[in-house]
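Asks: how would this look folded up:
(2 chains)
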Amino acid sequence: MAELKRTPLFELQAAMGAKFVPFAGWEMPINFGSQIAEHQAVRTSAGMFDVSHMTQVDVRGNNAEAYLRRLLVGDVATLDCGRALYSLALNEQAGILDDLMVYSLGETFRLVCNASTREKMLYWLATHRTGYCVEVQCRDDLAMLAVQGPDAIRRAQIALGHDLTSLDKFAVTRVGDVLVARTGYTGEDGVEIMLSGEHSPTLWQRLQEQDVQACGLGARDTLRLEAGLNLYGQDMDECNHPLESRLGWTIAWQPVARDFIGRRRLQEIAAAGKERELKGIQLMEKGVMRPGAEVQTTEGLGVVTSGSFSPTLGCSIGFARVPAAAKGAVHVIIRDWPRPASIVSPRFLSKAASR
Amino acid sequence: MSEVPDNLYYTETHEWVREEPDGSVTVGISDYAQDALGDVVHVELPEHEAEFVAGEEACVVESVKAASELYAPITGVITEVNETLESKPELVNEDPYGAGWFFRLVPEQALQVGDLLDAAAYEDMTEDE
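Replies: You can find the predicted model right below:
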């Protein structure tokens, strides 16, 4: 096995007693002690995540916009400078190659792809350049920190020494050489900060001085799950199309003339109607659902794609790909035994908030 | 470094065993094991009077990370389970050798500690992992 890569923050994290795991070729912190405490810090105050393993790519050149309009299901022509878009790259069969963020920076588009899809996406971006005047540059010189939570903006402002109150949701701005975007993957307010790897340890330490809780990938997973956000490679991959992955909303069908990759197949699927759908699932007794568990519904079988314990709700929640008509009471097989569960809205957080 | 009390015996699968004056044994998971598992969120305990053969799965420990098994360290019958863990599974992390115990078991035969590891041997084993 190839040696694991480390982010510029590895040494600082190791000194803090982080527990590391291999993740998509990187040695990443899974927690800094208690995953649940980290999760709760993000829900109640502020936490920070090292997401430098994500693949940052700059796309620029005369045809940058036309190129991305061909490659992504969302339409970057409608994306104003200083705004962010969540989008998907599909193959011709409408299978999902990756989910990614696109930040419009004027002459440049910054893409943030998954770490697990790095080689595939870099190859795909390169091979589709033919016919376009476009430059694609992988930004391995950059690190990325996510600061998330109800008090994240206030603390990030102090750490960055820059007023962020005018930064709208899904907006991105430059602070010197640093990009600050009001985006995230936790369901909380907060920012994602892209900066040179060299400068990232200083920012990490400044955030620590503001008592921002260091969080690992473990808390990141339960936070995104509660927020109803998919994880690539788990909730969807090349075998799934967006319409059965709760991602139909990312598709810009208009203008009809925009022929993005996968569009033709998607139209056929949309016309025929989807057979399966990704839905929220909640276990109605104690125990924890894990990915791969079978789901028995009155409409047929399904499978848990993500499943964990929700610290906010105090029970096991997840996503399951089930027959599109499945609803209500179902069973999940855990250790050969069917356990009562319920198909619910995957917006688990709003449910917790309304309690 | 994880804590390994001298007065307990251990297994290669990270259970600890304490001999009680009445001849029964108390069983839990080691500090090393709870640390490796991460936050414990649910425990499936055995039934009262359930019989286990040494090495057989006796409990399931669900952490935020994964489900793991706790194996019966000794052949015997369950006489008591720590029902507090059903409402407070975090005790396994907070106090693995105390309030986080799992069950008491009466050995089928007089306890053969030779099959178990002492603290020094267990410490050596976890250092190698």
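
Asks: chain B contacts on the stretch 151-300 of chain A?
Replies: Counting by C-beta under 8 Å from any C-beta of the partner chain, the residues of the stretch 151-300 of chain A close to chain B are A:218, A:222, A:286, A:287, A:288, A:290. Where you see a C-beta, it was placed from the backbone N, CA and C, and this is true even at glycine.

Asks: out of those residues, which sit inside helices?
Replies: Residues from those lying in helices, with DSSP state H as the criterion: A:218, A:222.

Asks: max pairwise distance over the residues of the stretch 151-300 of chain A next to chain B: which two?
Replies: Taking C-beta to C-beta, the two most distant members of those are A:218 and A:286; they sit 20.2 Å apart.

Asks: and the contacts of stretch B:30-41?
Replies: For stretch B:30-41, the surrounding residues in contact (C-beta atoms under 8 Å, 6 or more residues apart in numbering or on different chains) are A:30-31, A:34-36, A:218, A:288, A:309, B:2-4, B:10, B:14-16, B:29, B:61-66, B:68, B:89-90, B:92-93, B:96-97, B:100, B:122, B:126.

Asks: what about it, start to end distance?
Replies: Stretch B:30-41 stretches 17 Å from its first residue to its last (C-alpha to C-alpha, to the nearest Å).

Asks: what about that stretch, average pLDDT?
Replies: The average pLDDT for stretch B:30-41 rounds to 95.

Asks: which helices and strands sit right next to the helix or strand that contains residue A:329?
Replies: Residue A:329 is part of strand A:328-334 when elements are defined by DSSP states H and E. Under the contact criterion of 3 or more C-beta pairs under 8 Å, 6 or more residues apart in numbering or on different chains; DSSP states H and E, strand A:328-334 touches strand A:276-283, strand A:294-297, strand A:337-344.

Asks: want to throw those strands into JSON lines with mean pLDDT?
Replies: Formatted as JSON lines, the helices and strands packed on strand A:328-334 follow (pLDDT from 0 to 100):
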{"stretch": "strand A:276-283", "mean pLDDT": "98"}
{"stretch": "strand A:294-297", "mean pLDDT": "98"}
{"stretch": "strand A:337-344", "mean pLDDT": "97"}
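
Asks: deepest of the ones you listed, which one?
Replies: Highest mean neighbour count of the helices and strands packed on strand A:328-334: strand A:276-283, a mean of 22 (counted as mean count of other C-beta atoms under 10 Å in any protein chain shown).

Asks: how far off centre is it?
Replies: How far strand A:276-283 lies from its chain's middle: 18 Å, per C-alpha atoms, centre = their mean, to the nearest Å.

Asks: higher neighbour count, residue A:218 and residue A:286?
Replies: Between residue A:218 and residue A:286, counting by other C-beta atoms under 10 Å in any protein chain shown, residue A:218 is the more crowded of the two (25 against 17).

Asks: buried residues, the helix or strand of chain B with the lowest mean pLDDT. List them.
Replies: Least confident helix or strand of chain B, by mean pLDDT, DSSP states H and E, is helix B:119-128 with a mean of 92. If you call a residue buried by 16 or more other C-beta atoms under 10 Å in any protein chain shown, then helix B:119-128 has these buried ones: B:122, B:123, B:125, B:126.

Asks: mind exporting the C-alpha coordinates of that helix to PDB?
Replies: Taking C-alpha atoms only, helix B:119-128 is exported to PDB below (Å, rounded to 0.1, in the frame of the first residue of the first chain):
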ATOM      1  CA  ALA B 119      -1.700  -7.300  33.700                       C
ATOM      2  CA  ALA B 120       2.000  -7.500  32.500                       C
ATOM      3  CA  ALA B 121       1.200  -9.900  29.700                       C
ATOM      4  CA  TYR B 122      -1.800  -7.800  28.500                       C
ATOM      5  CA  GLU B 123       0.200  -4.600  28.600                       C
ATOM      6  CA  ASP B 124       2.900  -6.200  26.500                       C
ATOM      7  CA  MET B 125       0.200  -7.400  24.000                       C
ATOM      8  CA  THR B 126      -1.400  -3.900  23.700                       C
ATOM      9  CA  GLU B 127       1.900  -2.200  23.300                       C
ATOM     10  CA  ASP B 128       2.600  -4.500  20.300                       C
END
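
Asks: grab the nearest non-local neighbour of the most centrally placed residue in chain B.
Replies: Nearest to the mean C-alpha position of chain B, by C-alpha atoms, centre = their mean, lies residue B:28 at 2.4 Å. With sequence-adjacent residues excluded and distances taken as C-beta to C-beta, 6 or more residues apart in numbering or on different chains, residue B:28 is closest to residue B:101, at 4.4 Å.

Asks: any idea of the mean pLDDT in stretch A:139-153?
Replies: 98.

Asks: do the same with stretch A:79-95
Replies: For stretch A:79-95, the mean confidence score works out to 98.

Asks: ok, residue B:67 - contacts?
Replies: Neighbouring residues of residue B:67 by C-beta under 8 Å, 6+ apart: A:288, A:290, A:335, B:60, B:61.

Asks: before we move on, the earlier item: let me know the closest of the buried residues of helix B:119-128 to residue A:44.
Replies: Ranked by distance to residue A:44 (C-beta to C-beta), the buried residues of helix B:119-128 are led by residue B:126 at 34.7 Å.

Asks: next, give phi and psi for the nearest residue to that closest one once chain neighbours are set aside.
Replies: The shortest distance from residue B:126 to any non-neighbouring residue, by C-beta to C-beta, 6+ apart, is to residue B:32 (4.7 Å). Main-chain torsions, residue B:32, degrees, to the nearest 10: phi -60, psi -40.

Asks: what helix or strand is the residue nearest the centre of chain A on?
Replies: For chain A, the residue nearest the mean C-alpha position is residue A:185 (5.4 Å; C-alpha atoms, centre = their mean). Taking DSSP H and E as the definition, one finds residue A:185 inside no helix or strand.

Asks: returning to that earlier point: now distance to residue A:242 too, for the helices and strands packed on strand A:328-334, in a markdown table please.
Replies: Output for these, formatted as a markdown table (distance: least, C-beta to C-beta, whole Å):
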| stretch | distance to residue A:242 |
| --- | --- |
| strand A:276-283 | 10 |
| strand A:294-297 | 21 |
| strand A:337-344 | 20 |
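
Asks: any idea how far stretch A:262-273 is from the middle of the chain?
Replies: Remark: stretch A:262-273 is offset 25 Å from the chain centroid, using C-alpha atoms, centre = their mean.

Asks: these two touch, right, residue A:222 and residue A:308?
Replies: Yes: in this structure residue A:222 lies within contact range of residue A:308 using C-beta atoms under 8 Å: 5.4 Å.

Asks: ok so, going back, contact partners of the strand holding residue A:329?
Replies: With contact meaning C-beta under 8 Å, 6+ apart, strand A:328-334 is reached by A:281, A:283, A:287-290, A:293-298, A:302, A:304, A:320, A:322, A:338-343.

Asks: give me the nearest residue to residue 7, chain neighbours excluded.
Replies: By default, I'm working from chain A. residue A:52 (3.8 Å).

Asks: could you do chain B instead?
Replies: Ranked by C-beta to C-beta, 6+ apart and with sequence neighbours excluded, the top spatial neighbour of residue B:7 is residue B:18, at 7.1 Å.

Asks: quick check: closest non-adjacent residue to residue 118.
Replies: You didn't say which chain, so I picked chain A. residue A:55 (4.6 Å).

Asks: um, chain B though
Replies: If the residues on either side of it in the chain are set aside, residue B:118 comes closest to residue B:9, at 6.3 Å by C-beta to C-beta, 6+ apart.
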